[in-house]
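[1] One predicted model, sequence on top.
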Amino acid sequence: MRFQLLAKTGHPDFLDLPWDQPLAGWEHDRLVEMPMGIHRHVVRTVAYGERLYHLKELPRRYADREWRFLRYLREEQVPVVEVVGVVSRRETPDGESLEAVLLTEHLEYSVPYRLLFLRQEHHAIRDPMLDALVHLLVRIHLQGFYWGDCSLSNTLFRRDAGRLAAYLVDTETGELYEELSTGQRDMDVDLAIEKCAGELLDLQAAGVLSDEADPFELGLELRERYHQLWAELTTDEVFADDERYRIHERLRRINELGYDVDELELIQDEPGVTRMKLKTSVVEPGRYRRILRQLTGLDVQDNQARRLLNDIHNFGAWLQQDEGRSLPEALIAHRWLERSFEPVVEIVPQELTGRREPAEVFHEVLDLWHKWSTQEGTDMGLFNAAHRYVAEILALMPEERRVAPADSDDETADALPDPMADTGTLRLEDLAGLTDGPDIGASEVEERGAATTPDASQDARSVE
Ligand SMILES: Nc1ncnc2c1ncn2[C@@H]1O[C@H](COP(=O)(O)OP(=O)(O)O)[C@@H](O)[C@H]1O
Ligand SMILES: [Mg+2]
């Protein structure tokens with residue numbers, strides 16, 4: 001059998017697979033069925049123990065491109081699937097050449113869009129989905145990457161502290177530039193709108209998406225939000241010398257959106273008038289993830305990171321009051337991991353760990369702890385809330401680490417009520433105290449009962 005495998009280390013060698021046959025015809029013990037988005041190539045899934053890999057058969061030059069782009073984007077911290085290898089120079093036993101195969105590792109806890117709409121009411125999905133797509137588009141465009149194929153099928157969605165995070169899955173049509181022109185960006189957004197609207201119309205035709213949803217209006221909103229975010233992150237700003245505070249305001253707003261600015265260029269074109277120039281290359285996403293990773297070693301998604309930092313902040317206020325002295329951030333974060341995060345996550349029994357990622361479990365427990373304590377008029381304790389969450393909510397949820405194919409075939413299934421739909425989501429206003437970093441030391445002191453009690457920022461959060 002002749003073929004060439006270019007692969008990253010840390011994965012199986014895949015040598016037991018029948019590379020000398022067209023992928024569509026494979027019959028092999030490792031093959032498993034997975035629900036997938038609409039796709040043009042043959043895509044199949046294989047299991048090696050706990051790990052799942054998707055194999056896509058396509059012409060070699062496209063496979064090589066996709067391998068390069070996915071690696072580049074991942075290095076730049078863009079949320080993409082992890083590419084594992086490319087198999088090329090394949091031949092059948094008769095010497096007939098076969099297309100290449102691109103291997104990616106299955107993105108755990110990702111939910112295909114069709115299933116999101118099947119499982120949840122569209123009002124609950126619409127906003128988070130739009131937001132996730134807009135952030136993903138802006139993020140790749142800041143990187144100089146033109147996607148050319150943005151669609152719901154080419155995006156995987158993961159829960160992100162009550163919102164969604166979008167991951168890019170299919171990049172073979174992409175193009176990489178030093179910087180994108182406005183025309184290129186607009187074209188990418190137009191294509192995205194067209195494709196997503198088509199997919200939503202299909203969902204409506206299949207009865208999965210309610211007729212109330214308007215795919216065209218959604219597209220227009222996508223464009224508007226995209227332009228808003230892009231402008232906030234990149235537009236040059238002109239101000240007079242006595243308006244210097246506006247630099248700080250702008251930077252603060254950018255931080256609130258989860259971006260850091262590495263470098264600022266201030267230009268005096270004429271006396272008394274300064275221009276603040278923001279180069280796309282210095283606007284860096286993932287601000288809260290970075291802060292959280294430094295403090296705790298936890299690697300989670302953007303919104304989850306905000307949520308956890310917010311809780312560390314509140315925990316720190318309580319801890320400092322309890323101990324009667326101010327404590328370094330790193331110590332507070334360490335104690336929070338030991339006394340709050342880890343014990344809560346460990347309450348989830350092994351057999352239910354595939355339903356939600358640990359950071360998402362923690363987020364949902366925090367929300368419910370607040371909600372239930374408010375309803376009962378007394379603090380029920382974080383750990384009690386976690387036990388109740390596991391018994392009453394998590395136990396009834398479907399598996400999400402690996403979605404079973406049967407879940408997406410169920411065309412007649414009604415949307416399940418989302419148990420978290422009325423618990424509110426984290427808003428930027430809630431993060432006012434975090435915009436300059438976690439700033440854990442300088443916080444108001446709050447009571448934290450048994451383990452911890454609902455805190456001021458959660459009380460202030462409106463329950464939707
Ligand atoms: N690494 C991955 N993790 C999870 N799902 C994946 C992964 N790779 C592919 N998929 C699923 O397979 C589908 C098809 O893959 P894609 O690369 O878009 O193929 P095509 O180029 O044929 O459109 C996607 O819509 C997605 O549902
Ligand atoms: Mg695709």
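    Great, that's in hand. None of the values given here were measured: they were computed from a predicted structure. Ligands and ions are numbered 1, 2, ... in the order given.
[2] rest of the way, CA atoms for contacts and neighbours
    Fine.
[3] Can you give me the domain assignment for the protein?
    4-105, 110-234, 237-277, 287-460 (automatic domain parsing).
[4] any chance of those in CSV, with mean neighbour count, distance to ligand 1 and mean pLDDT too?
    Below are the domains of the chain laid out as CSV (neighbours: other C-alpha atoms under 10 Å; distance: least, C-alpha to the nearest ligand atom, whole Å; pLDDT from 0 to 100):
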stretch, mean neighbour count, distance to ligand 1, mean pLDDT
domain 4-105, 17, 3, 93
domain 110-234, 19, 4, 93
domain 237-277, 15, 25, 87
domain 287-460, 18, 9, 77
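[5] Turn these into CSV, columns for distance to ligand 2.
    As requested, the domains of the chain are exported to CSV (distance: least, C-alpha to the ion, whole Å):
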stretch, distance to ligand 2
domain 4-105, 5
domain 110-234, 5
domain 237-277, 28
domain 287-460, 17
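[6] With just CA atoms, put stretch 209-224 into CSV.
    Once non-C-alpha atoms are left out, stretch 209-224 reads as follows in CSV (Å, rounded to 0.1, in the frame of the first residue of the first chain):
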residue,chain,number,x,y,z
LEU,A,209,-36.6,26.3,12.6
SER,A,210,-39.8,28.2,13.4
ASP,A,211,-41.3,30.2,10.5
GLU,A,212,-41.2,33.2,12.8
ALA,A,213,-37.4,33.5,12.3
ASP,A,214,-36.5,35.7,9.3
PRO,A,215,-33.2,34.5,7.7
PHE,A,216,-32.9,37.7,5.7
GLU,A,217,-33.3,40.0,8.6
LEU,A,218,-30.7,37.9,10.4
GLY,A,219,-28.3,38.4,7.6
LEU,A,220,-28.7,42.2,7.7
GLU,A,221,-28.1,42.2,11.4
LEU,A,222,-25.0,40.1,11.0
ARG,A,223,-23.7,42.7,8.6
GLU,A,224,-24.5,45.6,10.9
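[7] what about the closest residue to residue 296 other than its chain neighbours, helix or strand, and which?
    In space, and not counting its chain neighbours, residue 296 is closest to residue 333: 6.1 Å by C-alpha to C-alpha, 6 or more residues apart in numbering. In this structure, residue 333 sits in helix 329-336 according to DSSP states H and E.
[8] Give me the helices and strands touching that helix, please.
    Applying 3 or more C-alpha pairs under 8 Å, 6 or more residues apart in numbering; DSSP states H and E, we find helix 329-336 packed against helix 287-296, helix 302-323.
[9] which helices and strands sit right next to the first one?
    Looking back up the chat, that one is helix 287-296. Right, helix 287-296 is packed against helix 302-323, helix 329-336 by 3+ C-alpha pairs under 8 Å, 6+ apart.
[10] hmm, who's touching that helix?
    255, 258-260, 298-303, 305-306, 308-309, 329-330, 333-334, 337, 437-438 (C-alpha atoms under 8 Å, 6 or more residues apart in numbering).
[11] returning to what we had before: and the helices and strands packed on helix 287-296: which comes nearest residue 380?
    helix 302-323 (16.4 Å; C-alpha to C-alpha).
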